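Novice: generate coordinates for the sequence data below:
(chains A, B and C)
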Amino acid sequence: MDLAQFSYWIGMAGITAFSVTAVLALATKGIDLFSAAVLGIITAVGGGTLRDLILDVPIFWLIDVTYIWVALIASLISFWAEPLLTRKEIHSLLLYVDGFGAAMFSILTINKVWALGYGLPLVPILLGIVTAIGGGLLRDVLAGRPTLLMTHELYATPVLLGCSLYVAMIYWIPEYRLISAITCGALIFGTRAAAIHWHLTVPPWLVTKTRSNR
Amino acid sequence: MDLAQFSYWIGMAGITAFSVTAVLALATKGIDLFSAAVLGIITAVGGGTLRDLILDVPIFWLIDVTYIWVALIASLISFWAEPLLTRKEIHSLLLYVDGFGAAMFSILTINKVWALGYGLPLVPILLGIVTAIGGGLLRDVLAGRPTLLMTHELYATPVLLGCSLYVAMIYWIPEYRLISAITCGALIFGTRAAAIHWHLTVPPWLVTKTRSNR
Amino acid sequence: MDLAQFSYWIGMAGITAFSVTAVLALATKGIDLFSAAVLGIITAVGGGTLRDLILDVPIFWLIDVTYIWVALIASLISFWAEPLLTRKEIHSLLLYVDGFGAAMFSILTINKVWALGYGLPLVPILLGIVTAIGGGLLRDVLAGRPTLLMTHELYATPVLLGCSLYVAMIYWIPEYRLISAITCGALIFGTRAAAIHWHLTVPPWLVTKTRSNR
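Specialist: Numbers count the residues shown, from 1 in each chain, chains lettered A, B, ... in the order given. The predicted structure follows:
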């Protein structure tokens, strides 16, 4: 299996994780089968769709519709298997897989944008973040939930750190591209996993309200 | 009048229905003239705009700005005629016209996407749904109302059924294209009309919360 | 300094104002540094991004990433300087600068769309409004605040008036293009400034709820 194939399977695993965690997050609000499928698909492919629209390249799932099939089937299975998947130990496993998906998508996006040569280094980092969190933002807005931009969850900050480091490494040590990708992907996933495990949030001195309450 | 012209007038009727029902739905929240016009236009053309952005074809209302004029005028008339249009018998008539618009737009979208040959059969169905419900989702998000994805209204499910059947019929009996379009359009409208008439919602066993409450 | 350069600096001032007012508007809800940066950037460039997506031209900040840098730095400074910037006299100064940004962006957008020749005169006006208010709508939806479409603030109506007049002047007196732009920009800013100064809102007879309560 070569690198392109490896990226492809990683992408599919990420799509699956995004759909499953979307359906489970919404299950407690009482969601019907149709909405589960639609929101599962939107969460899984929404971030990448925004990225491709902005870059004006063909939307990735129009070229390979397998992404939509995987998101659809994962959403339907999650809907029916929800009582099983919301069991504590399985649910936290899925949160880690979701973090893994976010790590992979942002690194893959930086490779894609870097190759197009747009607005280095800021645009690749920005679109890496859009791809990682865009689908979840769309899901929360459509479901009437507070988006993660307002919850101080440590979700996007790990993505920001990892993407910034990756862009720096591509620039200064381009000859170690693969090892840089793995390092930064691992950094994103590791930071996110630590946040899940120890229930870390953004520290109070980085939040406006707590600062002004002092 | 040939088929293209017929589709065109059907499209205009759908645009009108979408604008009018949007303004009436928001009137109870206290909406001003400007917001009525903006949200009426967004509801009417939003779904088709998302479809055209994703397909990377020119937005339909940039090519023929009549769509925007019709949506604008329909919204302004609805704003002023609101006390009349919210009378019970006229309001339910409009709900049926709105269902008719959803049926027409999704069938027209499948024709458009099928001709482009993208990701058959899943992408045409998906974009048919996006076109039918996208404008309403944008309206509800901008107006701070729960979207229909969270209300268990039988709105999108008829669209899903009709689009799936239509795609199957185009594939297996392409020689009966027109009769397939009429049949599936009628199926969507009929199911939606039944849902309006008998106040049908998604059955409880297809909703997560009620399932877990058992 | 020629006209193009002048437009460029006006655009940068508008971007700065949009980012700063976004961060200050959200500061009372308790926003973290990362979300401040993301929402500041989205508010500043969101409207223009929607415009460029609809027109299918390259997104303006992909061509010149300076816009993103300015929005990012303005957001970060606002986050740290928030206790200073929310002082009454400085905050109202910023509201005027924000109104100036809206005026400039809508006039610049009409120039851009007019040159492309799409759906005159309605499409330039519509996209002028989208550019002026689109970023703020995205910000409020992502932050879970009521959008200005529901608050009856006199924000979009001045933009509508100024854009309509500008389009009429380009059509009937194209030889006075620059003077038309300045007049209409001043009209938008002046009306908005009056609304800020005297706390004007949309009059009750232009709001549905108050009408039906009579």
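
Novice: so where's chain A shaky on pLDDT?
Specialist: A:1-3, A:209-214 (pLDDT under 70).

Novice: so which bits of chain A are right by chain C?
Specialist: A:53-56, A:118-119, A:122-123, A:126, A:129, A:137, A:141, A:146-147, A:149-150, A:152, A:156-157, A:160, A:202, A:206-212 (C-beta under 8 Å from any C-beta of the partner chain). Using the backbone N, CA and C atoms, a C-beta is placed for each residue, glycine as well.

Novice: show me the contacts for the closest residue to residue A:106 other than its chain neighbours.
Specialist: Nearest residue to residue A:106, sequence neighbours excluded (C-beta to C-beta, 6 or more residues apart in numbering or on different chains): residue A:128, at 3.9 Å. By C-beta atoms under 8 Å, 6 or more residues apart in numbering or on different chains, residue A:128 lies in contact with A:105-107, A:109-110, A:113, A:159, A:163.

Novice: host element of residue A:128?
Specialist: For residue A:128, the host element (DSSP states H and E) is helix A:122-143.

Novice: also residue A:61?
Specialist: Per DSSP H and E: helix A:60-63 holds residue A:61.

Novice: now check that helix, is it near chain B?
Specialist: Yes - Helix A:60-63 lies within reach of chain B by C-beta under 8 Å from any C-beta, at A:61-62.

Novice: from the contact counts, what lies against that helix?
Specialist: If you count contacts as 3 or more C-beta pairs under 8 Å, 6 or more residues apart in numbering or on different chains; DSSP states H and E, helix A:60-63 packs onto helix A:33-55, helix A:66-80.

Novice: what do you get if the cut-off is 6 Å, keeping everything else the same?
Specialist: helix A:33-55 (3 or more C-beta pairs under 6 Å, 6 or more residues apart in numbering or on different chains; DSSP states H and E).

Novice: got a list of contacts for the helix it packs on?
Specialist: Helix A:33-55 is contacted by residues A:15, A:18-19, A:22-23, A:59-61, A:67, A:71-72, A:75, A:79, A:109, A:127, A:130-131, A:134-135, A:138-139, B:53, B:149, B:156-157, B:206, C:53, C:59 when judged by C-beta atoms under 6 Å, 6 or more residues apart in numbering or on different chains.

Novice: got the angle between it and helix A:122-143?
Specialist: Per axes from the mean of the first three to the mean of the last three C-alpha atoms, to 10 degrees, the angle that helix A:33-55 makes with helix A:122-143 is 160 degrees.

Novice: angle of helix A:33-55 against helix A:66-80?
Specialist: 150 degrees.

Novice: around chain B, which positions in chain A sit nearby?
Specialist: Residues of chain A found near chain B (C-beta under 6 Å from any C-beta of the partner chain) are A:27, A:30-35, A:53, A:59, A:62, A:65, A:68, A:82, A:141-144.

Novice: mark which of those residues are buried, thanks.
Specialist: With burial judged by 16 or more other C-beta atoms under 10 Å in any protein chain shown, the buried subset of these is A:27, A:30-35, A:53, A:59, A:62, A:65, A:68, A:82, A:141-144.

Novice: what's the burial count for residue A:88?
Specialist: Residue A:88 is flanked by 7 other residues according to other C-beta atoms under 10 Å in any protein chain shown.

Novice: and if you look at residue A:197?
Specialist: Residue A:197 - counted by other C-beta under 10 Å - has 11 other residues nearby.

Novice: what's the top helix by length along chain A packed up against?
Specialist: Looking across chain A with DSSP state H, the single longest helix is helix A:88-116. Judged by 3+ C-beta pairs under 6 Å, 6+ apart, helix A:88-116 is in contact with helix A:3-27, helix A:122-143, helix A:156-172, helix A:177-197.

Novice: most tightly packed of those?
Specialist: Most buried of the helices and strands packed on helix A:88-116, by mean neighbour count (mean count of other C-beta atoms under 10 Å in any protein chain shown): helix A:122-143, with a mean of 25.

Novice: and the angle for that helix with helix A:88-116?
Specialist: Using the same axes, to 10 degrees, helix A:122-143 lies at 140 degrees relative to helix A:88-116.
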